[in-house]
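**Q** next comes the sequence, and after it the predicted model I'd like to discuss.
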Amino acid sequence: MSKPFCKIGGGNYQFTSLIIFSLVFFDILSVYLGYRLSIVPRLLLIFSCLVGVLSLGIKVSDLKVICCLLAVVIIQQCASYMILPNMPVTAVIENFGIIIKIFSFPVVLLWIEKLNTKQLLSLKKIIYFSIIVYCISIVISPLLGWSSLHTYGETGRFGYKGIINAGNETAMVLLIACFWTGANYLQEKSFFSLLTFSLMILASLMLGTKGGMLIAITSLLGVFVVNFNKVKLYHKIFLGILIFSLTLYLARWFWDVLYPMLEVSYHYFTSKLTSTSFYGYFNLLISGRDTKLISIISQLEIANYLHLLLGGWPVSLFMVEMDYFDVILLFGLPLGSLIFYFYFYLVFSRLPKTAMHSLFIVIMVIITFLAGHVVLSMLHAPLLAAYIVLSNNRENRLLY
């Protein structure tokens, strides 16, 4: 029997997969200690993946595109630093940190695509383990009582993000988790896979954000409506009974603990509703990010709006938290639009053309405006890359 061809070297695969496995534990330490220790292994992950891909040579077409974009970005950032007034060195360094986050996903995706079947199966278990830990940490957050596990800190508003450092970054992890476990359920049709999927839905609802609510609803609709004929009748009945039983069991906890938190959230949102007009509700929907955008645009006048052309805006200090606009402010309108398109091109060009995957992409785009931190985050890079590759892999495909 012929030996299977291994594209990525065994040593590089073992080292990189070990880093991916360690990420969730570094996230736990980061939340517990209050320091962003997880940045170190994520930087190592990007470096290790880059080494693995570069070892295959520059023949990889997408690698050529990434290298060209990086070269243009470096020139663009240096030019903006020299041309634009009052650009502190610290802002340039922080901008390069965000650039590394943006390019982390393409690099990790290329690395995973070059794994052989055996390596991919092993990595699938590691990624799936990470997803389960992230979501369980959200569900058990009320029991642990750490303020660092709350989405909104000590404000009293309802929401739990678990061991993920930022609540906005949690939405993308939950989107991948819900659609991944939903795919597993449709493929296996077992009670265990149904319970796992239900756990992800519960975690999304407990996030306490509009994005989390949207993910939970669309995931349920995607599995039980779009794929209605594939779901067993007694599974539908079981899910209904489970939801009803949990509602009764949690009724007292809801009244004693959850209701006061929801009341605080309600008062917060009503205070942010500036008017009952369409604009007032739109402003509430995107959490006032349009106001932040208008404020930043007014500041751009100081540099004669050159930031819109050249980029170089200190995004880490003044962030809109709507990814497209933040990318434009960082790279300028022409280059920023190209990079934003390239990021999503890597997703929709690789995912199979099915109803569920189309829904996944639509929700992913919406999250970039509701929560941001999709393109500008490297937290979910290995999770999203693995989801895409496994969905498109013939032997280990996540079927819908």
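**A** Structure received.
**Q** spatially central residue for this structure, please.
**A** Nearest to the mean C-alpha position of the chain, counting by CA atoms, centre = their mean, stands Met172 at 2.7 Å.
**Q** which one is that one nearest to, not counting chain neighbours?
**A** Of all residues not flanking Met172 in the chain, His380 sits nearest, at 4.5 Å (CB to CB, 6 or more residues apart in numbering). (Glycine included, C-beta is placed from N, CA and C.)
**Q** neighbours of that neighbour, how many?
**A** Around His380 there are 26 other residues, counting by other CB atoms under 10 Å.
**Q** and it, what pLDDT?
**A** Per-residue confidence (pLDDT) for His380: 94.
**Q** Val51 now?
**A** Value for Val51, per-residue pLDDT: 89.
**Q** for it, what are its contacts?
**A** Contacts for Val51 were tallied using CB atoms under 8 Å, 6 or more residues apart in numbering; they are Asn12.
**Q** okay, now the unreliable bits of the protein?
**A** The chain contains residues with pLDDT under 70 at 1-6, 57-61, 85, 153-156, 226-236, 238-290, 303, 393-400.
**Q** ranges for the strands of it?
**A** With DSSP state E as the definition, the chain shows no strands.
**Q** that older thread, could you measure from the residue nearest to the centre of the chain over to Cys67?
**A** Distance, Met172 to Cys67, using CB to CB, to the nearest Å: 26 Å.
**Q** over to Asn392?
**A** Look at Asn392 and Cys67: by CB to CB, they are 24 Å apart.
**Q** check contacts around the residue nearest to the centre of the chain.
**A** Neighbouring residues of Met172 by CB under 8 Å, 6+ apart: Met364, Ile367, Ala371, His373, Val374, Ser377, Leu379, His380, Leu384.
**Q** just the ones of those in helices?
**A** Among these, the members falling in helices are Met364, Ile367, Leu384 (criterion: DSSP state H).
**Q** contacts for stretch 322-337 next, please.
**A** So stretch 322-337 is contacted by 72-73, 76, 80, 95, 98-99, 102, 286, 289, 293, 296, 307-313, 315, 319-320, 339-340, 368-369, 372-376 (CB under 8 Å, 6+ apart).
**Q** make it 7 Å
**A** 72-73, 76, 95, 98, 289, 293, 307-311, 313, 315, 319-320, 339-340, 368-369, 372, 374-376 (CB atoms under 7 Å, 6 or more residues apart in numbering).
**Q** give me the buried subset of those residues.
**A** Buried by 16 or more other CB atoms under 10 Å: 73, 76, 95, 98, 289, 293, 307-308, 310-311, 313, 315, 319-320, 339-340, 368-369, 372, 374-376, out of those.
**Q** related to what we said a few turns ago, which one of the ones in helices among the contacts of Met172 sits closest to Leu115?
**A** Leu384 (15.6 Å; CB to CB).
**Q** how much space separates the closest one from Ile46?
**A** As judged by CB to CB, Leu384 and Ile46 stand 14 Å apart.
**Q** with Gln77 instead?
**A** Counting by CB to CB - Gln77 and Ile46 are separated by 18 Å.
**Q** what do you get for Glu94?
**A** Separation of Glu94 from Ile46 (CB to CB) stands at 17 Å.
**Q** of these two, which one has the most company?
**A** Neighbour comparison, Glu94 and Ile46: the larger count goes to Ile46, with 20 against 15 (by other CB under 10 Å).
**Q** what about the spatially closest residue to the more buried one that is not a sequence neighbour, neighbour count?
**A** Closest residue in space to Ile46, ignoring its immediate chain neighbours: Ser104 at 5.0 Å, by CB to CB, 6+ apart. Neighbourhood size, Ser104 [other CB under 10 Å]: 23.
**Q** and Ser55, by the same measure?
**A** 12.
**Q** pull the contacting residues for it.
**A** Going by CB under 7 Å, 6+ apart, the list of residues near Ser55 reads Gly9, Asn12.
**Q** how about Val73?
**A** Val73 neighbours (CB under 7 Å, 6+ apart): Ile99, Phe331.
**Q** is it correct that Tyr134 is in contact with Gly162?
**A** Yes. When contacts are counted by CB atoms under 7 Å, Tyr134 is listed as touching Gly162 (6.0 Å).
**Q** which one's more surrounded, those two?
**A** Between Tyr134 and Gly162, counting by other CB under 10 Å, Gly162 is the more crowded of the two (29 against 25).
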